[in-house]
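1. I would like to see how this sequence folds:
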Amino acid sequence: MAFNSTSADLPSCRVLLTIMHTISSGDKVLVTGANGFIAMWIVRKLLEKGYAVRGTVRSADKAKYLEEYFKAYGHKFEFTIVEDITKYGAFDKAVKGIQAIIHTASPFYLDAVSVNELLEPAVNGTVSILKSALAYGQEIKRVVVISSAAAVSDFSVYKLLNEDDWNEPSVKEIKEKGADAAGYVKYFASKTAAERAAWQFYEDNKTEISWDLSVLNPPYVFGPPVHELKCSDALNTSLRLWYNVVVVGGQTEDFLKTGLAFIDVRDVAEAHVLALEKEAAGGERIIISAGSFIWQQWVDAANSLSLPNPSHSKLPIGYPGLADTAKLPVEFDTRKAARILGLTYLNQEQVTRDSLADFVKRGW
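-> Predicted structure coming up:
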């Protein structure tokens, strides 16, 4: 179902009230970039919990799969087209009649050439939707923005990381090197700048808005996809890397003893719904992570699955025993997520089993 609106009147005044910022059953949630890896799981979780969803996509063609996938929910799911999220006013129509927003639309790849290739859509897209929410979102109670662990640290120094940490080194490197900075640094800087922009907008306009802001910071997101995929090459950046390591193989020993931290996409989706439902999540930056890993651990997890093993006949074995001596590359303090969201996580074995089973169904 497509959504259209013709009203363009700015509110003449705003009455500031003490209100609950959490959503209630039947409320409608706007999910940006609804056809993405994470966003489609968020839409699904919201619909399963009885909420209505309006998803944004860049074209009607990208909405066809969504309409088919969610057709059982009837009028509970609708879409609207936002061709360019970087243009201010792009979300003006989309935010009308909405009670909450989950903003996921932002590029993620690690081989950007120019600085603005990632920086502009990440920052301008985030500020654009917040401006629209301020101007036209009279019914909005909360806005949840997905940021990244990349906005927390550049991971060059091992320490216990928490929500007070910011990835300033990547921002500094971009300023110094520009296009010569590594692709992953450009991505890290874009996520840091976009989240900073979100919090700055919220602080600058606190006296005018009736909604509050919550930001979630996940690391690598893995797990079975539900978004449209025609082949394994079309997998998103994080899941394609996981697939290449666990299913394809061929990585060096040096690579397999590197890693980061992870969370299953289903847990990410659950966290976003909880961030809308928990009053205490308002005004909070929350790291969500199931734990740290080195890549060899995923290879080991795949090969240790008990029969029936939902995988290919032969999986890469990497370098058995490597995980016994390798040092974990990062550690996140996730006590805030536990305290506020009550979030629990799928473990490596569950993520691996479900992902491989999904790939087999797809003939991969």
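2. now the helices for the stretch 51-200 of the chain?
-> For the stretch 51-200 of the chain, applying DSSP state H, counting those that start in this stretch gives helices covering 60-69, 116-136, 168-177, 183-204.
3. relative to Arg44, which of these is closest?
-> helix 60-69 (8.2 Å; Cβ to Cβ). C-beta here means a position set from N, CA and C on the backbone, and glycine is covered the same way.
4. just checking, what packs against the closest one?
-> helix 37-48, strand 52-57, strand 77-81 (3 or more Cβ pairs under 8 Å, 6 or more residues apart in numbering; DSSP states H and E).
5. looking at those, which is buried most?
-> Compared across those, strand 52-57 shows the largest average neighbour count, a mean of 25 (mean count of other Cβ atoms under 10 Å).
6. please name the strands paired to that one in the sheet, noting orientation.
-> Its sheet considered, strand 52-57 pairs with strand 28-31 (parallel), strand 77-81 (parallel) by DSSP bridges.
7. what's in contact with it?
-> Strand 52-57 is contacted from outside by 3, 26-35, 39, 43, 46-47, 63, 66, 70, 75-82, 85, 91, 94, 98, 105, using Cβ atoms under 8 Å, 6 or more residues apart in numbering.
8. can you tell me the SS state at Leu216?
-> Per DSSP: H, G, I helix; E, B strand; the rest coil, the local secondary structure of Leu216 is strand.
9. for it, list each beta-bridge partner.
-> Here Leu216, judged by DSSP bridges, has bridge partners Ile146, Ile286.
10. the one 5 residues further on now?
-> Per DSSP bridges, the residues bridged to Val221 are Ile263.
11. wait, doesn't it sit right on Val265?
-> Yes: judged on Cβ atoms under 8 Å, Val221 makes contact with Val265 at a distance of 5.2 Å.
12. re earlier: distance to Gln350 and mean pLDDT added to the helices and strands packed on helix 60-69, as JSON lines?
-> Output for the helices and strands packed on helix 60-69, formatted as JSON lines (distance: least, Cβ to Cβ, whole Å; pLDDT from 0 to 100):
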{"stretch": "helix 37-48", "distance to Gln350": "15", "mean pLDDT": "98"}
{"stretch": "strand 52-57", "distance to Gln350": "26", "mean pLDDT": "98"}
{"stretch": "strand 77-81", "distance to Gln350": "28", "mean pLDDT": "97"}
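13. any idea which of the ones you listed gets closest to Glu120?
-> Comparing the helices and strands packed on helix 60-69 by Cβ to Cβ, strand 52-57 comes nearest, at 18.0 Å.
14. export the closest one to CSV, keeping only CA atoms.
-> The C-alpha trace of strand 52-57 is given here as CSV (Å, rounded to 0.1, in the frame of the first residue of the first chain):
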residue,chain,number,x,y,z
ALA,A,52,1.7,-0.3,12.0
VAL,A,53,4.7,0.6,9.8
ARG,A,54,5.3,3.1,7.1
GLY,A,55,8.6,2.3,5.3
THR,A,56,10.6,4.6,3.1
VAL,A,57,12.2,3.3,-0.1
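15. tell me the angle it makes with helix 116-136.
-> 140 degrees (axes from the mean of the first three to the mean of the last three Cα atoms, to 10 degrees).
16. residues near the residue nearest to Glu139 when sequence neighbours are not counted, how many?
-> Nearest residue to Glu139, sequence neighbours excluded (Cβ to Cβ, 6 or more residues apart in numbering): Gln99, at 5.4 Å. Neighbourhood size, Gln99 [other Cβ atoms under 10 Å]: 21.
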